[in-house]
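**Q** could you work out the structure for the sequence below:
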Amino acid sequence: MLKPGANCWRSGVADRAAVLVDMAAYFDAAEIAMRGAKRSIHLLNWSFEPETLLHPGPDCSGPDSDRIANVLIELANKPGLDVRLLCWRSALPVASTQHFFPLADRMAFRHTKVKFRLDGRLPAGAAHHQKMIIIDDALAFCGGGDIGPDRWDTPQHLDDDPRREKTRYDHKDYDSRHEVMALVDGEPARILGELFRERWRRATGEAIPAPPQAEATAWPGTVKPMFSNAKVGLSRTAAAWRNYAEVRECEGLHLDAIAAAEDCIYMENQYFTSPLIAAALAARLADPNGPEVVLVSTQHSPSYFDRATMDKTRAVFIRQLKAADAHGRFAVYSPVTTLGRTIIVHAKTTIVDDTLLRIGSVNINNRSMGFDTECDLSLEATDPANKAAVIGLRNHLLAHWLGCEDARIEAAVAAEGGVRAALESLRLGGHCRIRPIEPVPMGPLARFIAANHLGDPIGPDDSWRPWRRKRAIADRLAAAHLSAAPTIPSAESSGPR
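**A** Numbering: from 1, shown residues only. Presented below is the predicted three-dimensional model:
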């Protein structure tokens, strides 16, 4: 399924690979790995808040030595260790929601040995959205998690966890949040190192020499490898800009994987608005021999802007799949805590059958497919052990949502004959921490926003010209030989029925 030069940039074999569910595990493993670095620590982030505690205590307390900026400053003082951090030069409205991290980062790393840069070399309105840490070109983390105090959580998603409360920034209690990060070694880590060096050169003009040979870096002892000798591909998104060509590898692999699926497509994502992905999934649901499609997302977006734009367009996405689901194989859920509070699903994870595992920064929206700078790691399982591990991870994610043991999911899937039926059986049996998402009624303004995908450009040509967006979407659908979503009924403006 992984085709270098088509749906992925490069591929290689990882001796070991693992998946870290939620940020407590990621922060812990990342610190251990960074402290074991011999040559280099390179970070790419959408946002990076320097005062983030890696191991927050009650009331988000902890020693200053545990704050991420101070950890990097300490490590940069080690002889021969190159520490670099490259972040998106975010627009002011975005930076204001993340404690003005560009300014805070500059102040934190001023007069230190940490080489910090902001990257604004991309089309106006686009974002550098990649999230990764590469250590010695030998070990690398990649996924959906940025570094900030509001990101931290555990898989238990406790209702009243004091480690998510009363930060020294704003005394705000953060919602539970779900993230997923991949950890790989070997050739895939070296490829991610090449990606970092290319981003750094593009942003700063400085060429970082590649290491002559990857250093042997210790695997974090807190992480148990899930996969061995696994084929891993790296897929990118990048908008056309100046002399740089457009890259749509992430979009291509999504379409190829959906077309190839036989049993089940499971997706966790912050947004589901892409008309191209909706059309591809709808075509498989209409196929009598197609796969199940199970989606997990947040009940509603945390920001007002996303509620007004992405949530409205998601309603059309869900309607299209429900309309195509002639064989009862589609379900979309939102998770909640034990007390029914929102869990923000920020992970960008796709599992197709027992074959493909994708973890990265790509949202299922237009801009992640062709406008923002993105990166996904995809593991293609070809042997029985890795295939079993892919299914085991899917069952583990579902069990963590429901608050039950992995074995309960495995038994229910076997008994019910599918993932969707298993989830419904367990929900009706009392495991009710996931709830179906129903498309909301839409008034005239909401229908206009959804029809024109406001806030969600296809690429630079329509980013500031939304009147071009319908044509751009039609062109993408035609190129993929897919049909558009049906028109939103005007009757929905009357409200709930």
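**Q** who are the contact partners of the most centrally placed residue in the chain?
**A** Centroid-nearest residue in the chain: residue 348, 2.8 Å away (criterion: CA atoms, centre = their mean). The contact partners of residue 348, taken as CB atoms under 8 Å, 6 or more residues apart in numbering, are 143-144, 180, 268-270, 358-364, 376. Placement of C-beta: from N, CA and C, glycine included.
**Q** gap between residue 238 and residue 108?
**A** 28 Å (CB to CB, to the nearest Å).
**Q** the two: which is more packed in?
**A** Taking neighbours as other CB atoms under 10 Å, residue 238 and residue 108 compare with residue 238 leading, 25 against 22.
**Q** I'd say that one and residue 250 touch.
**A** No. If you go by CB atoms under 8 Å, residue 238 and residue 250 don't touch, sitting 9.7 Å apart.
**Q** report the set of residues contacting both of those two.
**A** Contacts common to residue 238 and residue 250, judged by CB under 8 Å, 6+ apart, are residue 374.
**Q** quick one: end-to-end distance for stretch 45-52.
**A** 14 Å (CA to CA, to the nearest Å).
**Q** pLDDT of stretch 29-49, averaged?
**A** Averaged over stretch 29-49, pLDDT sits at 95.
**Q** ok, now stretch 271-281?
**A** Stretch 271-281 comes out at a mean pLDDT of 97.
**Q** so which strand or helix has residue 359?
**A** strand 356-360 (DSSP states H and E).
**Q** pLDDT score assigned to the residue lying closest to residue 123 once chain neighbours are set aside?
**A** Among residues not flanking residue 123 along the chain, residue 460 sits closest, at 4.2 Å (CB to CB, 6 or more residues apart in numbering). Residue 460 is assigned 95 on the pLDDT scale.
**Q** check contacts around residue 460.
**A** 123, 126, 239, 240, 241, 371.
**Q** quick check: closest non-adjacent residue to residue 31.
**A** Nearest to residue 31 is residue 54, by CB to CB, 6+ apart, at 5.2 Å.
**Q** burial count for that neighbour?
**A** 21.
**Q** so it sits right up against residue 64, yeah?
**A** No. The pair residue 54 / residue 64 is not scored as a contact, 11.7 Å apart, by CB under 8 Å.
**Q** what about this protein, any weak spots by pLDDT?
**A** 92, 95-96, 98-99, 165-172, 214-216, 485-497 (pLDDT under 70).
**Q** what domains does the record give for it?
**A** Following automatic domain parsing, the chain resolves into domains at 14-231, 233-494.
**Q** chain center to the last one: distance?
**A** Looking back up the chat, that one is domain 233-494. 11 Å (CA atoms, centre = their mean, to the nearest Å).
**Q** quick one: the strands in the stretch 1-150 of the chain?
**A** 10-21, 40-45, 82-88, 115-119, 132-135, 139-143 (DSSP state E, counting those that start in this stretch).
**Q** buried deepest among the ones you listed, which one?
**A** strand 139-143 (a mean of 28; mean count of other CB atoms under 10 Å).
**Q** so in that sheet, which strands flank that strand, and in what orientation?
**A** strand 132-135 (antiparallel), strand 180-185 (antiparallel) (DSSP bridges).
**Q** which outside residues touch that strand?
**A** In contact with strand 139-143 (CB under 8 Å, 6+ apart) are residues 20, 26, 29-30, 33, 131-134, 179-185, 188-189, 192-193, 217, 219, 347-348, 359-361, 375-377.
**Q** out of the domains of the chain, nearest to residue 4?
**A** Nearest to residue 4, of all the domains of the chain, is domain 233-494, at 7.1 Å by CB to CB.
**Q** show me what contacts residue 389?
**A** The contact partners of residue 389, by CB under 8 Å, 6+ apart, come to 226, 227, 381.
**Q** go again using 6 Å as the cut-off
**A** Residues near residue 389 by CB atoms under 6 Å, 6 or more residues apart in numbering: 226, 227.
**Q** what segments of the stretch 101-250 of the chain are helices?
**A** Under the criterion DSSP state H, counting those that start in this stretch, the stretch 101-250 of the chain contains helices at 101-109, 187-204, 249-260.
**Q** could you redo the ones you listed as JSON lines and give each row distance to residue 301?
**A** Formatted as JSON lines, the helices of the stretch 101-250 of the chain follow (distance: least, CB to CB, whole Å):
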{"stretch": "helix 101-109", "distance to residue 301": "20"}
{"stretch": "helix 187-204", "distance to residue 301": "28"}
{"stretch": "helix 249-260", "distance to residue 301": "21"}
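**Q** for residue 159, which of those is the nearest?
**A** Judging those by CB to CB, what sits closest to residue 159 is helix 101-109, at 28.0 Å.
**Q** in that closest one, which residues are buried?
**A** 101, 102, 104, 105, 108, 109 (16 or more other CB atoms under 10 Å).
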